[in-house]
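>>> My questions are about this predicted structure, shown below with the sequence.
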Amino acid sequence: MINRYTSLLQFILIALFITPVTLFAQQTGSVSGTVTSGSGETLIGVNIVISGTTVGTATTIEGRYLLENVPAGQVTLVASYVGYKPEERTVTVRSGEETIVNFVLSRQFDMPGITLIGQQPERLARVPGSAAVITERQIAEIAPLSGQEVLRRIPGIHAVEQDGLGLRANIGVRGLDPSVSRSVLVLEDGIPVALAPYGEPEMYYTPSMDRMSGVEVVKGSGSILFGPQTFGGVINFITADPPPVPTASIHLRGGEGGFLTSRLSYGNTVGNTGVQVTYLRRQGDEVGLLDFGIHDLSTKLKLVLSDRSVVGIKLGLYDETSNSTYVGLSQAMFDSGNFDFTHLAPDDLLDIRRYSASVSHDFFLNENVTFRTTAYGYTTTRNWSRQDFDTVFNPDRDYARIVGDPSVEGGALFFRNSTGNRNRQFEVLGIEPRISVNYELGGIRNELDAGMRYLYERAFEQRVNGTINSPQSGLLRDDEIRTGHALSAFLQNRFNLTDAFSVTPGLRVEYFDYNRDIRRLGNEEQTTFRSDDLVAFIPGVGFNYQLREGIALYGGVHRGFGPPRVKDAISALGVSEELDAETSWNFEAGTRAQLIPGLFVELTGFYMNFTNQIIPVAEAAGGTGRPGASLTNGGETEHLGVETTLGLNLQQLFDTSWLIDLNTSATWIQAEFSSDRFVSSGGEQVNVKGNSVPYAPEWMVSSELRLAAPFGVGLTFVGTYIGKQYGDVLNREEGTLDGRGGAIPSYFVLDARASYQIPQLSNASVNVAVKNLLDERYIVSRRPQGIRVGMPRFFTAGIDLSF
């Protein structure tokens, strides 16, 4: 399989190398210069493009830029940068000569919002740790069915597809458990999106990648500016801001199984007011295992109040109905090959509705001091009706359906005439004031970021037992309310000791007060109430050294922290489980280098030492989900690994009009239990010390080859390799009868996309994409309740228009 891909890749590269690139050569010159702000500050990552073309570059950490091979004659340069007004300069380029053009940009007010890095990849040069930026263009080139496809491009990230469309994100970082992304902090425009960021940080709602303009990821010490989770890094989804001129776009994409994605957006700025409205519709009748429909509406409003003050308002509505289920295949059912995409539980029904609102205010005291205050709130309703079933036949029960072959041991699932309705509603309110200050002390330039946050969260949970004929009503079995109040403060200061060397220490303090109010349990009235609290100090420090232009060294150490879920820290009997917060020490060091134009390399080594990683046993992670079930401290684990990224742009290397761009990321991880931990197996206690942590593949590789001809045709190939991993702490090689335990073999998936830019319509393009081109059959997960098979070969076609 891999040999087939290697041969295909070699053929494409050889064919392109022998293309007579000199066919497109012409008389050219170059343009260079610097870009600064009105106060003389150098600006990093400013986009410099030749108007009417896709030829462009970005300024370096010194604020310099260089455009080579510019056709001789008159050209118009456009410099654009977030937070500043774009500038145009028309110059005459002479063959064989270098033309100097310097820009001074004036500040303009953009939509207030919190970013980790900024959307310019060049700003990575200043980050004291490993980080990544995915741009809107890169998202479009991948043509993702789910956000996980985009995140797999980033080394260190294990994104597990349980439904093929990414409706429930399962993201693990550097060997951490990916179950519903509970170990990573996920934000949208800087605001948490988890059900309850402290008490229940699961991602049953996941932002749709189809409406994103970029993604930022920080895995190093910079993550302590955000919280509460700091050990697994931060992922920030970025949505489009109001544009300066009237802009509308239409995105349509259809595929097999009634799959349809349609996105309509419009934005404009009139005077001091800007607006951006985006509506997204996703649906499918039979896409893999899913029958679903989604409405996703978001609105942004920007109000410039004065030359120092700007307000941003964002509103969102998300509504989903799907037949998502926890049920997967038993080992025998998978081995038979007859049930890969059979609707095992067709009566299961998930309804999610989310309302969100936020208000941000930026006040610019002067060029060096900015105050930002963000207030937000959202409510998420998650009602899930799931049919009860057995994996072993029980002669005392009458079953409504039997799926599989009951004559084979473990070959069938036995569905009862009963349902369990897990009805939950979450409320979250938060306010976060921040201050950013640039100052000089003792001849050293400093950049200070500080702030605090108050967050309130409440969860209402009921379990209603019903029947298939009346699945969403019945007998109230369990009823409880969980409430949390969190207060955090953070401070980070960047000391620019020299023009090339900076050190950035920081500290975050977390306080969380929580309670569990159990009113009904196991069909009986209860009056159980218990509260508890915790305090954590989370330090970190990072450095960045610019060895020379284009080459940077970075590193850091920080404390990893993640509070326990409230319903795990306090048992259903109202007993404090003394379940410690997850804590770790995270170390990393690396380098990123633009060795020559067209060749980029990044290499990072990391080590994470958990004193007590909590191994989840919730239903989403393959556990029982019984009322009395709770998590326990999982003991010490160690995560050691290396991440690397290689970018090779042959267009820049060989001065050709053809785009040939290869980007590869690879990760090696060794994540193991490093202390004694005994697990019951077959009536014995087995020590799992030295075993691999579940769902932590040793190898992960993602490679993208992008080709584009000067006449508008583009091809993109994306290959993903995921190494062998285990579905349980015992590291069993053979699959268990129910399919939930055992090894998950390695697999390789190849995706492809072809696009064409319509010459008569400069803002219109059509595309065709195929996922899993080789139609590989593979196990993607053994969770939550059995084997999930990866998506088969899947075709889509689409059109994009903007005007």
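Received, thanks. Numbering: from 1, shown residues only.
>>> what's the longest strand in the chain?
The residue-count maximum for a strand in the chain (DSSP state E) belongs to strand 412-441.
>>> The closest residue in space to Val575 that isn't next to it in sequence: how many residues sit nearby?
Among residues not flanking Val575 along the chain, Arg530 sits closest, at 7.3 Å (C-beta to C-beta, 6 or more residues apart in numbering). Quick note: C-beta positions are derived from backbone N, CA and C, even for glycine. Arg530 has 17 neighbours, counted by other C-beta atoms under 10 Å.
>>> How about Arg530: which residues does it bridge to?
Note on Arg530: beta-bridge partners by DSSP bridges are Arg516.
>>> That one against Ser576, yeah?
Yes: if you go by C-beta atoms under 8 Å, Arg530 and Ser576 touch, sitting 6.4 Å apart.
>>> coming back round to it: what are the buried residues along the longest strand of the chain?
412-416, 418-426, 428, 430, 432, 434-435, 438 (16 or more other C-beta atoms under 10 Å).
>>> residue boundaries of the helices in the stretch 201-350 of the chain?
All helices of the stretch 201-350 of the chain, identified by DSSP state H, counting those that start in this stretch, fall at 331-336.
>>> hey, where'd the strands end up in it?
212-218, 234-239, 247-255, 260-270, 273-287, 290-304, 309-322, 349-366 (DSSP state E, counting those that start in this stretch).
>>> Pull the contacting residues for the residue nearest to Val575.
The neighbours of Arg530, taking C-beta atoms under 8 Å, 6 or more residues apart in numbering as the test, are 515-516, 570, 574-576.
>>> Taking the residues you listed, tell me the two that lie furthest apart.
Pairwise distances across those (C-beta to C-beta) peak at 13.4 Å, for the pair Asn515 and Val575.
>>> Name the residue in those two with the higher neighbour count.
Between Asn515 and Val575, counted using other C-beta under 10 Å, the more crowded position is Asn515 (17 against 11).
>>> what is in contact with Arg530 and Ser576 at once?
Ile570.
>>> All the strands of the stretch 701-803 of the chain, residue numbers only.
Remark: strands assigned in the stretch 701-803 of the chain by DSSP E, counting those that start in this stretch are 713-722, 725-726, 743-744, 747-757, 764-771, 779-781, 788-789, 794-802.
>>> Export the contacts of Arg530 as a markdown table, with columns for distance to Gly635 and pLDDT.
Output for the contacts of Arg530, formatted as a markdown table (distance: C-beta to C-beta, whole Å; pLDDT from 0 to 100):
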| residue | distance to Gly635 | pLDDT |
| --- | --- | --- |
| Asn515 | 28 | 96 |
| Arg516 | 25 | 96 |
| Ile570 | 21 | 85 |
| Gly574 | 26 | 80 |
| Val575 | 21 | 81 |
| Ser576 | 20 | 77 |
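>>> how about low-confidence regions in the chain?
1-26, 54, 82-83, 108-111, 113-126, 471, 578, 614-634, 762 (pLDDT under 70).
>>> And it, split by domain according to the record?
Taking automatic domain parsing as the reference, the chain has its domains at 27-237, 238-802.
>>> now the end-to-end length of the longest one.
Between the opening and closing residues of domain 238-802 we find a distance of 20 Å, counting by C-alpha to C-alpha, to the nearest Å.
>>> what about that domain, distance to the chain center?
6 Å (C-alpha atoms, centre = their mean, to the nearest Å).
>>> that older thread, which stretch among the strands of the stretch 201-350 of the chain approaches Asp580 most closely?
Among the strands of the stretch 201-350 of the chain, the nearest to Asp580 by C-beta to C-beta is strand 234-239 (22.4 Å).
>>> The closest one: partners in the sheet, and parallel or antiparallel?
Short version: by DSSP bridges, strand 234-239 pairs with strand 185-188 (parallel), strand 212-218 (antiparallel).
>>> Report the backbone C-alpha coordinates of the first one in PDB.
Extracted C-alpha coordinates of strand 185-188, given in PDB (Å, rounded to 0.1, in the frame of the first residue of the first chain):
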ATOM      1  CA  LEU A 185      -8.200  23.500  25.300                       C
ATOM      2  CA  VAL A 186     -10.300  24.400  22.300                       C
ATOM      3  CA  LEU A 187     -11.300  28.000  21.600                       C
ATOM      4  CA  GLU A 188     -13.200  29.900  18.900                       C
END
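>>> Let me know the helix or strand that the closest residue to Ser32 other than its chain neighbours is in.
Leaving aside its sequence neighbours, Ser32 sits nearest to Leu66 (C-beta to C-beta, 6+ apart; 4.5 Å). Per DSSP states H and E: Leu66 is located in strand 64-71.
>>> and the very next helix or strand once past that strand, which residues are buried?
Remark: after strand 64-71, the chain's next helix or strand is strand 73-81, criterion DSSP H and E. For strand 73-81, burial by neighbour count (16+ other C-beta under 10 Å) applies to 75, 77-81.
>>> Then stretch 567-584?
Buried-residue list, stretch 567-584, by 16+ other C-beta under 10 Å: 567-572, 579, 581-584.
>>> Let's have those residues in JSON lines, adding secondary structure and distance to Arg94.
Compiled in JSON lines, the buried residues of stretch 567-584 are given as follows (DSSP: H, G, I helix; E, B strand; the rest coil; distance: C-beta to C-beta, whole Å):
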{"residue": "Lys567", "secondary structure": "helix", "distance to Arg94": "71"}
{"residue": "Asp568", "secondary structure": "helix", "distance to Arg94": "70"}
{"residue": "Ala569", "secondary structure": "helix", "distance to Arg94": "71"}
{"residue": "Ile570", "secondary structure": "strand", "distance to Arg94": "75"}
{"residue": "Ser571", "secondary structure": "coil", "distance to Arg94": "78"}
{"residue": "Ala572", "secondary structure": "coil", "distance to Arg94": "79"}
{"residue": "Leu579", "secondary structure": "coil", "distance to Arg94": "71"}
{"residue": "Ala581", "secondary structure": "coil", "distance to Arg94": "65"}
{"residue": "Glu582", "secondary structure": "strand", "distance to Arg94": "62"}
{"residue": "Thr583", "secondary structure": "strand", "distance to Arg94": "62"}
{"residue": "Ser584", "secondary structure": "strand", "distance to Arg94": "58"}
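>>> Now those in TSV, please, with extra columns for distance to Pro207.
Putting the buried residues of stretch 567-584 into TSV (distance: C-beta to C-beta, whole Å) gives the following:
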residue	distance to Pro207
Lys567	25
Asp568	26
Ala569	28
Ile570	30
Ser571	33
Ala572	32
Leu579	29
Ala581	26
Glu582	24
Thr583	28
Ser584	27
